[in-house]
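Asks: please find the sequence and the predicted model below.
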Amino acid sequence: MQHLSDEQLVVLVLQGQSEAFAILVERYQKQIFALAYRLGGDYDEARDMAQEAFVRIYQELSRFDSSRRFFPWMYRVAHNTCVNILHKRPKETTPLEAVYDLAASDTSDEGSPVARYEQLELGDAINGALQSLPEKYRFPLILKYLEGMSYQEIAEQLDLPVSTIETRLFRGRAMLKKALKEYQK
Amino acid sequence: MMNCQDIEILIQKAIDNNLSEAGQEVLHAHLSTCPACAQLYQEYVELDQMLKTTLPDVVVPEDLSKTVMSAVNDLKVVPLKTASPKRKTFRRVSLVVSAAALFLAVSFSGLFESPDSPDDPGLPIAEITPDDIDTNIPDVNNPSEDLDDANQQDPEQTDANNPQADPDSDSDAQTNPENNDSIPPANNGLTTHSDTSQTYGGGISLPQVAYGGTNHGSYSLYTLASHEDYDAILPRVKDNIVTYYLNADGYYLEWQTDLNRGSEPVFVGEIESLPAENTIAGFADRSSEYGYNYVVANANDGMRQAINCGGEDAGLWMLDLTNANATPVLVDSNNGGGKIVSWAPDSNKVLYTSANGSLHVYYPNENVILDIYSGQTSYVCWASDSKNIVFSAMDDTTGHLSIFGVIVP
């Protein structure tokens, strides 16, 4: 069953073979967990969000149009699930203990508490800037920088022409550059 | 000689290690003579480093797949299409219909006017003339048009943060309402409402409903109903009343709202099963005959047949029904191939979907195509005025189907 395409596995799941879904989970757990982690910023919470996202994907599977590619649909459902979870939780700031933990964990200059905290702040800023982008620009950037995918790989995953991916990456990055200007040297 | 806008593209390609040697020579020659672009190059390099170092790889928890499958196996609901919907206790839900977020408003007021109209915002659709219909159809997925269009606009409009510079900006307005700053204040008689007064099931508050509108000339697109958890489906229009259904975990909640958004939506009641899908006048699905997607619809006046088909001849075709010897003519090879085709009651325009579900209108008399919606469309219906279209389509802001309305010329 491992050799089957995503879309073929979906058909099997809809026929009642849940082991086919287990293969899809194995295949994409890294992408979905990374997405959850990138959106929420908390490792343990990302685990819960990823789990809920997969459950949602499973529940919504009958809505998937089998004539289309599975990954973009799955990624979108996961993204929306994570965003919904985050919207429902109270806004949080970085807990003070986390700063103390950072101070205790690294004593080098580069890893000084101030530097590490600035790094956290920068991460938040990048996350915020990414979130402010329209989805069509955000997804290619996430896949490129989180997954290290090439233009071709992103195009295949999102079922779009490579030239479209190029344009969206360029525009998205231009938007990010503007949004993060104050953090650049 | 490349201009600085072209160079910005080369800079980004270079950063992605995706620039040819010839391109690199051009780039470096330009950078050596243009301090502004040299500075830009440096900024992009820094941004790239920032993103690479601040977005580290993540290690997936070892037990994630096990816990996921455990949760999935514990589910009582299975994703089988044939499974009976499990009746669940109705829980409080909230309809999220922010007026700003809902508006997918795109001004195409110049559609049938001179491109030089002062009200024309310069969006590419306004530049379409019957003569160049085959080459100037805006393609939301065509990046070369994206860039070309952007390059032809003034510097302010080509600003990457300005969604108006983007022919795709209708979808931007949906996913990023904050970018939609070009929408004028709501001083056009359309209002935003909210109503929590109605109750369901003896005291449970119904979803709060908010909706609103703005007018962008002859073309405006707005959301009538949207829900963050459930699909809004099967819209029908009669006498300016839009009836639609909220699929709430096996419950079907029927709602009605005013097509013109002049009054509050009304909760009609819960139903056990959905009514049959709308019958599109003159519609026939002949896919089984052809072995690929092949749907047809005859115009009310009996003059034309529209054919939306997939396969090797994918696209929207028109057949002259008044001429027995006529053969179908391909009118849109870029957008057709979907499962929907529906004539306006006045027989002067036809609504159709592409293979990816995006929605378009073709004006056979003017030979003009209007891109309506880039998401996956499920149900469509025309109002009797042949101007109002109501449809259900995937809403990127919710991940569910929402009910959209559009007023076309």
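Replies: Arrived safely. Given the structure is predicted, the values throughout are model-derived calculations rather than measurements.

Asks: drop to CA atoms for contacts and neighbour counts, all remaining ones
Replies: Will do.

Asks: give me the residues contacting the strand or helix carrying B:L51.
Replies: According to DSSP states H and E, B:L51 maps onto helix B:35-54. Helix B:35-54 has contacts (CA atoms under 8 Å, 6 or more residues apart in numbering or on different chains) with A:119, A:122-123, A:126, A:145, A:177, A:184-185, B:4, B:7-8, B:11-12, B:15, B:30-32.

Asks: can you check stretch B:291-305 too?
Replies: Here stretch B:291-305 makes contact (CA under 8 Å, 6+ apart) with B:280-287, B:306-311, B:318-322, B:337-347.

Asks: narrow the residues you listed to those in strands?
Replies: Among these, the members falling in strands (DSSP state E) are B:283-285, B:306-309, B:318-320, B:337-343.

Asks: and A:K136, what is it in contact with?
Replies: So A:K136 contacts A:R168 (CA under 8 Å, 6+ apart).

Asks: just want the residue of chain A that's nearest chain B.
Replies: Nearest residue of chain A to chain B, counting by CA to the nearest CA: A:T164, 4.7 Å away.

Asks: that residue: what secondary structure?
Replies: Following DSSP: H, G, I helix; E, B strand; the rest coil, we place A:T164 in the helix state.

Asks: roughly how far apart are it and A:L35?
Replies: To A:L35, A:T164 is 22 Å away according to CA to CA, to the nearest Å.

Asks: related to what we said a few turns ago, can I get the buried part of the contacts of stretch B:291-305 as one PyMOL selection?
Replies: A single PyMOL command is used to select the members of these judged buried by 16 or more other CA atoms under 10 Å in any protein chain shown:
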select buried, chain B and resi 280+282+283+285+306+307+308+309+310+318+319+320+321+337+338+339+340+341+342+343+344+345+347
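
Asks: report the spatially nearest residue to the residue nearest the centre of chain A, omitting neighbours in sequence.
Replies: Taking CA atoms, centre = their mean, the centroid of chain A lies closest to A:L35, which sits 1.8 Å from it. Nearest residue to A:L35, sequence neighbours excluded (CA to CA, 6 or more residues apart in numbering or on different chains): A:H79, at 7.2 Å.

Asks: and A:Y145, by the same measure?
Replies: A:Y145 sits nearest to B:K52 (CA to CA, 6+ apart), 6.2 Å away.

Asks: what's the neighbour count on that neighbour?
Replies: 15 (other CA atoms under 10 Å in any protein chain shown).

Asks: from A:E166, how far off is it?
Replies: For B:K52 relative to A:E166 (CA to CA), the value is 18 Å.

Asks: any regions of chain B where pLDDT drops low?
Replies: Scanning chain B for pLDDT under 70 picks out B:1, B:55-57, B:76-220, B:248-251, B:261-265, B:277-281.

Asks: what's the spacing between the residue of the stretch 301-409 of chain B found nearest chain A and A:E156?
Replies: Closest contact between the stretch 301-409 of chain B and chain A, by CA to the nearest CA, is at B:G399 (5.9 Å). The gap separating B:G399 from A:E156 is 21 Å, by CA to CA.

Asks: which residue ranges of chain B form helices?
Replies: With helices called from DSSP state H, chain B shows them at B:4-15, B:21-31, B:35-54, B:64-74, B:99-102, B:133-136, B:143-152, B:155-158, B:169-175, B:287-290.

Asks: actually chain A, not the one I wrote
Replies: A:6-14, A:18-40, A:43-60, A:70-88, A:96-105, A:113-132, A:135-147, A:151-158, A:162-179.

Asks: a markdown table please, covering these and showing distance to B:A393 and mean pLDDT.
Replies: Output for those, formatted as a markdown table (distance: least, CA to CA, whole Å; pLDDT from 0 to 100):
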| stretch | distance to B:A393 | mean pLDDT |
| --- | --- | --- |
| helix A:6-14 | 22 | 90 |
| helix A:18-40 | 25 | 88 |
| helix A:43-60 | 16 | 90 |
| helix A:70-88 | 14 | 82 |
| helix A:96-105 | 43 | 37 |
| helix A:113-132 | 23 | 70 |
| helix A:135-147 | 17 | 82 |
| helix A:151-158 | 19 | 82 |
| helix A:162-179 | 23 | 88 |
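
Asks: is it true that the residue nearest to A:L35 touches A:Y37?
Replies: No: look at A:H79 against A:Y37 with CA atoms under 8 Å: they stay out of range, at 11.1 Å.

Asks: stretch B:330-341 close to chain A?
Replies: No: if you take CA under 8 Å from any CA of the partner chain as the test, stretch B:330-341 misses chain A, and the best it gets is 11.0 Å.

Asks: find the nearest non-adjacent residue to B:S333, please.
Replies: Here the nearest residue to B:S333 in space, its sequence neighbours aside, is B:G315; by CA to CA, 6+ apart that works out to 4.3 Å.

Asks: gap between that neighbour and B:W343?
Replies: As for B:G315, its distance to B:W343 is 16 Å (criterion: CA to CA).

Asks: now do the contacts for B:V266.
Replies: B:255-257.

Asks: out of these, name the ones that lie in strands.
Replies: Judged by DSSP E, the subset of the contacts of B:V266 located in strands is B:255-257.

Asks: overlap between those residues and the residues near chain A?
Replies: Within the ones in strands among the contacts of B:V266, nothing lies near chain A by CA under 8 Å from any CA.

Asks: got those as CSV, with neighbour count columns?
Replies: Below are the ones in strands among the contacts of B:V266 laid out as CSV (neighbours: other CA atoms under 10 Å in any protein chain shown):
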residue, neighbour count
B:W255, 19
B:Q256, 19
B:T257, 21
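
Asks: redo those as JSON lines? Include distance to B:P328.
Replies: Output for those, formatted as JSON lines (distance: CA to CA, whole Å):
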{"residue": "B:W255", "distance to B:P328": "41"}
{"residue": "B:Q256", "distance to B:P328": "39"}
{"residue": "B:T257", "distance to B:P328": "39"}
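
Asks: enumerate the residues of the stretch 301-409 of chain B near chain A.
Replies: With CA under 8 Å from any CA as the criterion, the stretch 301-409 of chain B meets chain A at residues B:356, B:397-399.

Asks: do you know how far B:L19 is from chain A?
Replies: 12 Å (CA to the nearest CA, to the nearest Å).
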